[in-house]
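**Student:** here are the coordinates; sequence isn't available:
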């Protein structure tokens, strides 16, 4: 049997548009290219806007993790305006942030991932489902199927919590620089707690046991889609008057199992195999889109830390904070995400009960810029997210975004360094051709890719990242 | 089931356990409707250049919930977000549905359409030889569909994807199609606007549309007209800070120029909306969003063109 190239396009049940090509040689994936096929150029659109527009504008980068972009922009503006954030505001911000995580993780598991493992009713939109390797018994299947529709309802309730405080979702309005524009009144807190209780029950009674079942029935996926053990997290849930504390630690975990503090100056980007041209003009890097560039295959750039590609996401956070002791496989990513979901409901309950109810919105915005540039790293649902800005006369001179999916779905560089997704695919054993779609789809979705997010970055080196060390 | 049997069924059950009527007769009624040509609405949903927020908004629908909509209202034939099939299986479904449901299906487009470089900035799928651009797919399917629904402000008018300098030359769906397009604008949409429009298409055909192609059911009035803070505006009692309880006009509110029913419909199970959250409406349903609303926190009379501080105050007017 000789090597053959197989294209899987489109990869459905993700956020955004993705195609994958693999080379299959004697039942083994020997090469893989993950091609993100949409580009919007958001950083260009940010230029010259008033800098305080960033919170609402950057949320439009992504529909499924919009609040994360709004949050990072708010932290960025807090630094530029030297805002003081009250404890109440921080609790509220984190409640809203965690609620969006719940929404994301629940939808990812049930709407996107479950049809990879469970035989769905053969009605639309599940028609022509790949039935090749579905292993649950009819009883197990019948048990899980109703959870699909239920999870959509429960995820809606997570967005309802967000909206009680945030005004709408996606693209909330009240999580702003300076705090939160909505007061945590007793009725709002009570309503949120009640919704959270329903979400918590579902997670305990459905998500956790369903994850357990899938991970037992498909336990070979603890050995499929394995990546190098290099993880990066910017930490999660800011506290403190200057956003200076992070509840879940940031870290860079290398293959020697050492955890160091991320140093943003070690982040490097390339466009060798991305659809961008790079020129240097008067000492400045100028990057422009080039959809016909020979040898290029994706709109995602290459991002590396200290010259190497790193995996980001719930698994990275769970390992970094000592909550997960497993490996780096497809199933490890799925299990870690579900475990994180449960943890988040517990944190939210604590925060909702800690807040002192008040009628006054916890928001104080300074109006004078004290800095002209800032970088703000935090973890979003899918992992490390970085916004950097340079400001001139309160207008954005440069706005740079590196999203989590850029880390996980980087284009390979000129030296053959590969992203976690391509590393996860390469080396995978696929005994029959009929298993290609199922296997590749499961590996890809375990990263929860968000392509709408991933294809919006320009060069971050223009901004003085080095000054920001977590 | 013939008429006589049906009649017997009803008589038998009239004095007996009535729930059997629903168990046995209702499925027959459904079957009858099916034979009379009353199907669910067949939908092909293309995701193009946007943030994916509109499919998330769709999943936030309550009464009916998204699961019920799949079950009872629409046949979602193709959707990058929701379909179980992937790769060639998915593309086969798309190609065969375009023929099988020609003239019958509703094309839903979520996202703007890049036109620069033949649309290569948004490729919905690629074969070994060809990249199928959003431009190509929308023009192809748009010519075969019974209805075309643009969902979200990117698909309607270009939206944030076409924000200046619009380096991908992105436009709304109607700009690349020589036919009527129903515009359900919003960034994102309120799910009721979209689900309500689909329900109207299914039961009564095309709803009444405003000059911009939006269903008047949802877009007839401005946000300003029904705003709970209208009395503050009328007394010129303006908010000084975000978080205040007065009128948000002073802080950039686009309510007077924005057609939408947010003040009374509200969002996510009808619990809140931006002005109630003590922040301005940013005009996300308008044709010039976001450029016409920028800077977001500057009052309408002083909203310059965001990218050109020298531009005359007042921003771009739009025909709403």
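**Tutor:** Yep, it's here. Small disclaimer: the values here were computed from a predicted structure and weren't measured.
**Student:** who touches the closest residue to chain B within the stretch 201-350 of chain A in this structure?
**Tutor:** Taking C-beta to the nearest C-beta, chain B has its nearest neighbour within the stretch 201-350 of chain A at residue A:291, 3.7 Å off. Where C-beta positions appear, they are placed from N, C-alpha and C, glycine not excepted. Counting by C-beta atoms under 8 Å, 6 or more residues apart in numbering or on different chains, residue A:291 touches A:39, A:275, B:117, B:120-121.
**Student:** which stretches in the stretch 151-300 of chain B count as helices?
**Tutor:** Remark: helices assigned in the stretch 151-300 of chain B by DSSP state H, counting those that start in this stretch are B:153-157, B:191-204, B:216-219, B:223-226, B:230-234, B:262-265.
**Student:** so which of these is the most packed in?
**Tutor:** Compared across the helices of the stretch 151-300 of chain B, helix B:153-157 shows the largest average neighbour count, a mean of 31 (mean count of other C-beta atoms under 10 Å in any protein chain shown).
**Student:** the helices of the stretch 151-300 of chain B: which one's closest to residue A:14?
**Tutor:** Evaluated with C-beta to C-beta, the helices of the stretch 151-300 of chain B place helix B:153-157 nearest to residue A:14, the distance being 18.5 Å.
**Student:** okay, strands next: where are they in the stretch 51-200 of chain B?
**Tutor:** Secondary structure of the stretch 51-200 of chain B (DSSP state E, counting those that start in this stretch): strands located at B:74-79, B:106-110, B:113-114, B:123-126, B:131-133, B:147-151, B:170-171, B:182-184.
**Student:** what's the PyMOL line that selects buried ones from the contacts of residue A:291?
**Tutor:** Remark: buried members of the contacts of residue A:291, expressed as a PyMOL selection using 16 or more other C-beta atoms under 10 Å in any protein chain shown:
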select buried, (chain A and resi 39+275) or (chain B and resi 120+121)
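**Student:** my read is that residue A:16 contacts residue A:451, right?
**Tutor:** Yes: between residue A:16 and residue A:451 a contact is recorded at 2.7 Å, counting by C-beta atoms under 8 Å.
**Student:** could you pull out the residues contacting both of the two?
**Tutor:** Common neighbours of residue A:16 and residue A:451 (C-beta under 8 Å, 6+ apart) are A:36, A:38.
**Student:** so where's the stretch 351-470 of chain A shaky on pLDDT?
**Tutor:** A:455-470 (pLDDT under 70).
**Student:** helices of that one, start to end?
**Tutor:** Remark: helices assigned in the stretch 351-470 of chain A by DSSP H, counting those that start in this stretch are A:404-408, A:420-425, A:436-445, A:451-454.
**Student:** so can I have a markdown table of the ones you listed showing distance to residue A:67 and mean neighbour count?
**Tutor:** Formatted as a markdown table, those follow (distance: least, C-beta to C-beta, whole Å; neighbours: other C-beta atoms under 10 Å in any protein chain shown):
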| stretch | distance to residue A:67 | mean neighbour count |
| --- | --- | --- |
| helix A:404-408 | 14 | 31 |
| helix A:420-425 | 24 | 26 |
| helix A:436-445 | 22 | 23 |
| helix A:451-454 | 13 | 30 |
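**Student:** would a markdown table of those helices with distance to residue A:179 be doable?
**Tutor:** Formatted as a markdown table, the helices of the stretch 351-470 of chain A follow (distance: least, C-beta to C-beta, whole Å):
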| stretch | distance to residue A:179 |
| --- | --- |
| helix A:404-408 | 26 |
| helix A:420-425 | 36 |
| helix A:436-445 | 36 |
| helix A:451-454 | 26 |
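**Student:** so can I have CSV of the helices of the stretch 151-300 of chain B showing distance to chain A and mean pLDDT?
**Tutor:** Shown next, in CSV, are the helices of the stretch 151-300 of chain B (distance: least, C-beta to the nearest C-beta, whole Å; pLDDT from 0 to 100):
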stretch, distance to chain A, mean pLDDT
helix B:153-157, 9, 98
helix B:191-204, 9, 94
helix B:216-219, 15, 96
helix B:223-226, 12, 96
helix B:230-234, 16, 98
helix B:262-265, 8, 95
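**Student:** so which of the contacts of residue A:291 comes closest to residue B:111?
**Tutor:** The nearest member of these to residue B:111, counting by C-beta to C-beta, is residue B:121 at 11.1 Å.
**Student:** what's near enough to touch that closest one?
**Tutor:** Going by C-beta under 8 Å, 6+ apart, residue B:121 touches A:38-40, A:289, A:291, A:299, B:49, B:114, B:168, B:170.
**Student:** check the gap between residue A:368 and residue A:259 for me.
**Tutor:** As for residue A:368, its distance to residue A:259 is 38 Å (criterion: C-beta to C-beta, to the nearest Å).
**Student:** the more surrounded of those two?
**Tutor:** The neighbour count for residue A:368 versus residue A:259, taken as other C-beta atoms under 10 Å in any protein chain shown, is higher for residue A:259 (15 against 8).
**Student:** nearest residue to the more buried one other than its sequence neighbours?
**Tutor:** residue A:251 (4.4 Å; C-beta to C-beta, 6 or more residues apart in numbering or on different chains).
**Student:** tell me the centre residue of chain A?
**Tutor:** Nearest to the mean C-alpha position of chain A, counting by C-alpha atoms, centre = their mean, stands residue A:382 at 1.9 Å.
**Student:** which residue, other than its chain neighbours, is closest to that one?
**Tutor:** Computed as C-beta to C-beta, 6+ apart, the closest residue to residue A:382 that is not its neighbour in sequence is residue A:404, at 3.7 Å.
**Student:** is the one you found in contact with residue A:314, as I believe?
**Tutor:** No: counting by C-beta under 8 Å, residue A:404 sits too far from residue A:314 to count as a contact (10.2 Å).
**Student:** what is in contact with the two at once?
**Tutor:** Common neighbours of residue A:404 and residue A:314 (C-beta under 8 Å, 6+ apart) are A:381, A:383.
**Student:** please tell me how far the residue of the stretch 151-300 of chain B at minimum distance from chain A sits from residue B:262.
**Tutor:** Residue nearest to chain A within the stretch 151-300 of chain B (C-beta to the nearest C-beta): residue B:277, separated by 3.0 Å. Using C-beta to C-beta, residue B:277 is found at 11 Å from residue B:262.
**Student:** next one: residue B:275
**Tutor:** In this view, residue B:275 and residue B:262 are 8 Å apart by C-beta to C-beta.
**Student:** give me the common contacts of the two.
**Tutor:** Common neighbours of residue B:275 and residue B:262, using C-beta under 8 Å, 6+ apart, are B:223, B:281.
**Student:** rewinding a little: nearest spatial neighbour of the residue of the stretch 151-300 of chain B closest to chain A, chain-adjacent residues omitted?
**Tutor:** Among residues not flanking residue B:277 along the chain, residue A:167 sits closest, at 3.0 Å (C-beta to C-beta, 6+ apart).
**Student:** now do residue B:61
**Tutor:** Counting by C-beta to C-beta, 6+ apart, residue B:61 lies nearest to residue B:191, which is 3.6 Å off, once chain neighbours are set aside.
**Student:** show me what contacts residue A:411?
**Tutor:** So, once contact is read as C-beta under 8 Å, 6+ apart, residue A:411 ends up touching A:270-274, A:296-298, A:300-302, A:419.
**Student:** return the closest of these with respect to residue A:82.
**Tutor:** Among these, and counting by C-beta to C-beta, the member closest to residue A:82 is residue A:301, at 32.2 Å.
**Student:** spatially nearest residue to the closest one, not counting backbone neighbours?
**Tutor:** In this structure, residue A:301 finds its nearest non-sequential neighbour in residue A:274, 4.8 Å apart by C-beta to C-beta, 6+ apart.
**Student:** quick check: the one you found vs residue B:123, distance?
**Tutor:** As defined by C-beta to C-beta, residue A:274 lies at a distance of 14 Å from residue B:123.
**Student:** now do residue B:56
**Tutor:** Using C-beta to C-beta, residue B:56 is found at 22 Å from residue B:123.
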